[in-house]
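Enquirer: no sequence on hand, only this structure:
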């Protein structure tokens, strides 16, 4: 069956899923001129249009659903593009080439599945009601907020990335927060034993309880709190609510039901072109399984989205051949970074470690057998080393004679890797695949500040982790072209870091909010000013470095 619209001679393209990856695919389709060839229907299960899940925890810090939205509503008002919100696809008829919803069936010529993932909840006796909350969507966060009203203690099951974000959310709601992890360390995928221990100490210093190597066997009524979590052995922990964040599973139910080929551990099997076992259906993001692997970060999903959009627009996209899973983030106010082969698993790999027990800081550098290439790294407590190490790893830059100097404290011989040392092919923003060369081209095309470069290239508009590196590259390139550089810290503060330090010290300012209200603009801040101000406050008032 061909569902071409006879009145327009356009084929019908359906995108199932309006999360970050599905939305990015739509953006790329529009940019590629897809509306000249297709009528596009987008189906989203949630009532809200695509929003920023990477910064979901900020929902408890004052941001609302609209401020988290990935784009203005007008994006989906283009002629030939229809967005169906709160309208999950219930089934796929591959023979008829139709998707089935509660509002009827819709034909397609090409179908893109961007259904994402769902939280894994272990099969635990008694896990129901407020003892079975999850941390994934805005509705989930509303449910957690409601369950936390008048409560004292909350527990998160899972000590990975999302689990620690969920613990931060509970803490921000005024609860005594605890994390229960089955593995013997936090973030077992990204961190080694030393890194996990440093992170545990940091988090416990912030008042969050950490319980490792704990397997919850059942949940029953508590005596002092509402629930009692019974662990293997005689151990238990009582709490008022429980949030499960024990990993994700690909949302592949639609594909499974219509007979698409699945990966060995679930997920919709795709080839290097993100094509499924059906030549009319693509799959992207966390629902897709490439070479048996599921990619749980936004950047690989964006990479898949760009590839599929390019093909649908008649262009040749870069084949998907896996993705770099390096990540930099701030968990409960603690810097954490993981690059490449963080565990030193490659044959012949050698490691250098820097351990500061006084501050629970830890850095590990993994290098090749000949000591010339960075293979991986682990950072806990200070991510200022991350961008340099990532660029060494991604661009094959030869290490200095003493590789350990790269992770030594500032002022102890650590060589700086300036923007001029990066090749034009260096990836500055992995979410949107923006190279240093693209940034230089934007500047040569008339962009004269960071805001202009961001608008032109979309760099630092994904997870935001590249904001500091982007600022460094833009300022270097503008200076090289004889352009006077605005030394403002960021768009929220029209002052240098040194000037902000002076304000904090002289005026006795003790919080990010107070500094923003008195000397800045906006209400939230960004990935440049928040950690910078956190460091200033810590330096001035001898406080732990927190995410303000």
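Expert: Structure's in. What do you need? Since the structure is predicted, the reported quantities are computational estimates derived from the model, not experimental observations.
Enquirer: would you map the helices across the stretch 1-150 of the chain?
Expert: 20-31, 65-68, 138-148 (DSSP state H, counting those that start in this stretch).
Enquirer: most tightly packed of these?
Expert: helix 20-31 (a mean of 24; mean count of other CB atoms under 10 Å). In short, each C-beta sits where N, CA and C put it, glycine included.
Enquirer: stretch 454-469: end-to-end distance?
Expert: Criterion CA to CA, to the nearest Å; first-to-last residue distance in stretch 454-469 is 12 Å.
Enquirer: for residue 508, grab phi and psi.
Expert: Here is the backbone geometry of residue 508 (degrees, to the nearest 10): phi 70, psi 30.
Enquirer: check the gap between residue 18 and residue 24 for me.
Expert: Per CB to CB, to the nearest Å, residue 18 is found 11 Å from residue 24.
Enquirer: do the same with residue 402
Expert: For residue 402, the distance to residue 24 - CB to CB - is 41 Å.
Enquirer: and if you look at residue 138?
Expert: Taken as CB to CB, the span from residue 138 to residue 24 is 19 Å.
Enquirer: could you do residue 237 as well?
Expert: Residue 237 is 40 Å from residue 24, by CB to CB.
Enquirer: ditto for residue 47
Expert: 20 Å.
Enquirer: what do you get for residue 378?
Expert: 29 Å.
Enquirer: again, but for residue 143
Expert: Applying CB to CB to residue 143 and residue 24 gives a distance of 27 Å.
Enquirer: and for residue 526?
Expert: In terms of CB to CB, residue 526 sits 20 Å off from residue 24.
Enquirer: doesn't residue 166 belong to a strand?
Expert: No - read with DSSP: H, G, I helix; E, B strand; the rest coil, residue 166 is helix and lies in no strand.
Enquirer: neighbours of the closest residue to it other than its chain neighbours, how many?
Expert: Leaving aside its sequence neighbours, residue 166 sits nearest to residue 135 (CB to CB, 6 or more residues apart in numbering; 4.0 Å). Using other CB atoms under 10 Å, residue 135 has 23 neighbouring residues.
Enquirer: mind starting the numbering at 54 from now?
Expert: OK, 54 is where the count begins now, so the last one is residue 188.
Enquirer: contact partners for residue 188?
Expert: Counting by CB atoms under 8 Å, 6 or more residues apart in numbering, residue 188 touches 109, 172, 194, 197, 209, 215-216, 218-219, 222, 296-298.
Enquirer: distance from the helix or strand containing residue 569 to the middle of the chain?
Expert: Taking DSSP states H and E as the criterion, residue 569 maps to helix 565-572. Distance of helix 565-572 from the chain centroid (CA atoms, centre = their mean, to the nearest Å) equals 27 Å.
Enquirer: report the angle between the next helix or strand after that helix and helix 565-572.
Expert: Where DSSP H and E defines the elements, the next helix or strand beyond helix 565-572 is helix 582-594. Put simply, helix 582-594 runs at 100 degrees to helix 565-572, going by axes from the mean of the first three to the mean of the last three CA atoms, to 10 degrees.
Enquirer: tell me which other helices or strands helix 582-594 touches.
Expert: Under the contact definition 3 or more CB pairs under 8 Å, 6 or more residues apart in numbering; DSSP states H and E, helix 582-594 sits against helix 550-560, helix 565-572.
Enquirer: any idea which of those is most buried?
Expert: It is helix 565-572: most buried of the helices and strands packed on helix 582-594 by mean count of other CB under 10 Å, with a mean of 17.
Enquirer: between that one and helix 550-560, how many degrees?
Expert: Relative orientation of helix 565-572 and helix 550-560, computed by the same axes, to 10 degrees: 100 degrees.
Enquirer: in the stretch 454-601 of the chain, where is pLDDT below threshold?
Expert: 463-471, 595-601 (pLDDT under 70).
Enquirer: residue 347 versus the residue nearest to residue 219, what's the distance?
Expert: 19 Å.
Enquirer: do the same with residue 388
Expert: For residue 388 relative to residue 347 (CB to CB), the value is 26 Å.
Enquirer: who's more crowded, those two?
Expert: Set residue 388 next to residue 347 and count neighbours by other CB under 10 Å: residue 388 wins out with 24 against 21.
Enquirer: what pLDDT does the model give the more buried one?
Expert: pLDDT recorded at residue 388 is 90.
Enquirer: surely it touches residue 431?
Expert: No - in this structure, residue 388 is not within contact of residue 431 by CB atoms under 8 Å, at 11.6 Å.
Enquirer: give me the neighbour count for residue 367.
Expert: 10.
Enquirer: in contact with it, which residues?
Expert: residue 90.
Enquirer: confirm it sits in a helix?
Expert: No - counting by three-state DSSP, residue 367 falls outside a helix, being coil.
Enquirer: do you know how far it is from residue 585?
Expert: For residue 367, the distance to residue 585 - CB to CB - is 45 Å.
Enquirer: next: residue 180.
Expert: 41 Å.
Enquirer: now residue 70
Expert: Distance from residue 70 to residue 585, counting by CB to CB: 36 Å.
Enquirer: which one of these two has more residues nearby?
Expert: Using other CB under 10 Å, the more surrounded residue of residue 70 and residue 585 is residue 70, with 29 against 21.
Enquirer: domain map for this structure?
Expert: What the TED database lists as the domains of the chain is 64-169+304-366, 173-300, 380-534, 550-594.
Enquirer: to residue 543, which of those lies closest?
Expert: Residue 543 lies closest to domain 550-594 among those, at 4.2 Å (CB to CB).
Enquirer: quick one: end-to-end distance for that closest one.
Expert: One end of domain 550-594 to the other measures 16 Å (CA to CA).
Enquirer: centre of the chain to that domain, how far?
Expert: With CA atoms, centre = their mean as the basis, domain 550-594 stands 25 Å off its chain's centre.
Enquirer: ok, now how distant is the nearest residue to residue 408 once chain neighbours are set aside from residue 139?
Expert: Excluding the flanking residues, the one nearest residue 408 by CB to CB, 6+ apart is residue 415, at 5.5 Å. Going from residue 415 to residue 139 by CB to CB gives 45 Å.
Enquirer: run through who's touching stretch 559-566.
Expert: Stretch 559-566 has contacts (CB under 8 Å, 6+ apart) with 556, 568, 571, 578, 583, 586, 587, 590, 594, 601.
Enquirer: so which of these is the most crowded?
Expert: Ranked by neighbour count (other CB under 10 Å), the contacts of stretch 559-566 have residue 586 at the top, with 28 neighbours.
Enquirer: doesn't residue 523 lie inside a strand?
Expert: No - if the criterion is three-state DSSP, then residue 523 is helix and not within a strand.
Enquirer: wait, what's in contact with it?
Expert: 481, 482, 492, 503, 506, 507, 512, 513.
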